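1. Predicted structure and sequence below. I'll ask about it afterward.
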Amino acid sequence: MASSVNDFIAGYISGVAGLIIGSPLDVLKVRLQAQGDASSPKHIPASKSNLTTMIQNEGFRSLFKGIASPIVGLAGLNSILFASYSASMRFLETVSPPSNPSFYAGEQLQPLSHVFTAGFVAGVACFLVSTPTELVKCRAQVIAARLDPSSSAAAQRAILSESGSWQVTKDVVRRFGFKGLYQGGLVTILRDAPGYGVYFLGYEGLKRFLDVPAGETGGINTWKLLFAGGVAGTLSWASIYPLDVIKTRLQTQPHLITTDPRTLPTASSWIPTASTSLLSKSHADRGLVHQTTRQGHSLSSTPYKGMVDCAIRSYRSEGMGVFVRGATPALLRAFPVNAVTFFVYELVMAELQKLE
């Protein structure tokens, strides 16, 4: 029991540390994934997705847009992830002990197949938290991308108020009920289960390759753990990135985000354009109209039927490149975020074990 509590505490603290470090590149990744075909005249200019331009247009806080939801959700998810992983490892050790166990520094090492399986199970266990948290985060980041620096101060304040995590959550529940928080849930499971299997497999495999004893975080082991965590995170993201693109597009479709019923898709051909207002009716009535762009929904106004439909239509519209859009900031972010996440986890676990 104490071990599970320690895993939960260490997982949460390490999750917060990783989120703070990775937030700016995560905002950039989501905006790149959600935008449409670069060949279109309505495409968001490259400079719009630049971190420097984001700061100039939206302020420094834009780099952490939507982070309130992850701090509560994804950091908590990290707790569930590490606690579920450790519990699964203990269960597998009980029901399927290795026939020829290997030892290192007095510790019995479980087969790497157990490591992957435990990570897979932990990914499934995180579904109830990860889906709504990711949905709110992505929508908050995409709504903030509509900010037009040339618009009035009142219009800018209106957009910023709409892009808050709590405001996005309330809007989703009001319009779609609590089940609306689980839009894109299936693709989230398909992304997370194998992704976390690769995540823990890569980390544990590299720890063994680099000869890092359990609980040893000082000296040269600090750099070994940071390296192992960074590589594991990068491998994990690379293995499931196309699914992450599909998830983002499913969760940030314009008809799901807009709060103005007059801008919702109808059976006719509605395509969001640079002149489409996505403010709520009350804001529009006050003349607070702001701009948006089409965001990955170029073929038709018809909402995606699911992840397969999203994949097919995105491919037909934008080619194979759409499935790696935003990969550069995602992979650049993956190394430092997961290096810090795993290292802080190991550090906190070592300190907690000293208190037992």
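-> Here it is on my side, so go on. For clarity, every value in this text was computed on a predicted model and none was experimentally measured.
2. alpha carbons only for contacts and neighbour counts from here, please
-> Will do.
3. Tell me how many other residues surround Gly15.
-> 28 (other C-alpha atoms under 10 Å).
4. Make sure it is actually in contact with Asn78.
-> Yes: between Gly15 and Asn78 there is a contact at 5.4 Å, judged by C-alpha atoms under 8 Å.
5. what residues are shared contacts of those two?
-> Common contacts of Gly15 and Asn78 (C-alpha atoms under 8 Å, 6 or more residues apart in numbering): none found.
6. At which residues are the helices of the stretch 151-300 of the chain located?
-> Applying DSSP state H, counting those that start in this stretch to the stretch 151-300 of the chain gives helices spanning 153-162, 165-176, 185-209, 220-251, 254-257, 281-285.
7. Redo these as JSON lines? Include distance to Arg333 and mean neighbour count.
-> Putting the helices of the stretch 151-300 of the chain into JSON lines (distance: least, C-alpha to C-alpha, whole Å; neighbours: other C-alpha atoms under 10 Å) gives the following:
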{"stretch": "helix 153-162", "distance to Arg333": "25", "mean neighbour count": "18"}
{"stretch": "helix 165-176", "distance to Arg333": "22", "mean neighbour count": "17"}
{"stretch": "helix 185-209", "distance to Arg333": "15", "mean neighbour count": "22"}
{"stretch": "helix 220-251", "distance to Arg333": "8", "mean neighbour count": "22"}
{"stretch": "helix 254-257", "distance to Arg333": "26", "mean neighbour count": "21"}
{"stretch": "helix 281-285", "distance to Arg333": "36", "mean neighbour count": "14"}
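8. nearest to Val95, of those?
-> helix 185-209 (19.2 Å; C-alpha to C-alpha).
9. Please enumerate residues in contact with that closest one?
-> 112, 115-124, 127, 130-131, 224-225, 228-229, 231-233, 235-237, 239-240, 243-244, 246-247, 307.
10. Number of residues surrounding Val308?
-> Look at Val308: counted by other C-alpha under 10 Å, it has 12 neighbours.
11. scratch that, Tyr315
-> 14.
12. Correct me if wrong, but it is in a strand.
-> No: counting by DSSP: H, G, I helix; E, B strand; the rest coil, Tyr315 falls outside a strand, being helix.
13. gap between it and Thr252?
-> 17 Å (C-alpha to C-alpha, to the nearest Å).
14. next one: Tyr85
-> Where Thr252 is concerned, Tyr85 sits at a distance of 30 Å (C-alpha to C-alpha).
15. and if you look at Tyr182?
-> 12 Å.
16. Of the two, which one has the most company?
-> Comparing Tyr182 with Thr252 by other C-alpha under 10 Å, the one with more neighbours is Thr252, at 29 against 20.
17. Look at the more buried one and report its pLDDT.
-> Note for Thr252: predicted pLDDT of 85.
18. right, and the helices of the stretch 151-300 of the chain - which one's nearest Pro336?
-> Of those, nearest to Pro336 by C-alpha to C-alpha is helix 220-251, at 5.9 Å.
19. so the closest one versus helix 185-209, what angle?
-> 170 degrees (axes from the mean of the first three to the mean of the last three C-alpha atoms, to 10 degrees).
20. does Gln108 count as helix, strand or coil?
-> strand.
21. That one - how many residues pack around it?
-> 11.
22. Now do the SS call for the nearest residue to Ala238 once chain neighbours are set aside.
-> Nearest residue to Ala238, sequence neighbours excluded (C-alpha to C-alpha, 6 or more residues apart in numbering): Leu331, at 7.3 Å. Put simply, Leu331 is helix when judged by three-state DSSP.
23. Could you do Lys305 as well?
-> Strictly by three-state DSSP, Lys305 counts as coil.
24. list the contacts for it?
-> No residues are in contact with Lys305 under the rule C-alpha under 8 Å, 6+ apart.
25. Next up, phi/psi of it, please.
-> Backbone geometry at Lys305, expressed as degrees, to the nearest 10, gives phi -80, psi -20.
26. any idea how far Gly230 is from it?
-> 36 Å.
27. doesn't Leu181 make contact with Val173?
-> Yes: assessed by C-alpha under 8 Å, Val173 is found in contact with Leu181 at 7.1 Å.
28. now the protein, which segments are flagged as low pLDDT?
-> Residue ranges of the chain with pLDDT under 70: 1-2, 23-75, 99-106, 144-163, 255-301, 356.
29. my guess is the residue nearest to Ala238 contacts Ser236, does it?
-> No: look at Leu331 against Ser236 with C-alpha under 8 Å: they stay out of range, at 9.6 Å.
30. With Lys247 as the reference, measure out to Tyr304.
-> 11 Å.
31. on that earlier part again, which neighbours do Tyr182 and Thr252 share?
-> If you check Tyr182 and Thr252 against C-alpha under 8 Å, 6+ apart, the residues they both contact are Leu135.
32. show me what contacts Ile9?
-> Going by C-alpha under 8 Å, 6+ apart, the list of residues near Ile9 reads Ser79.
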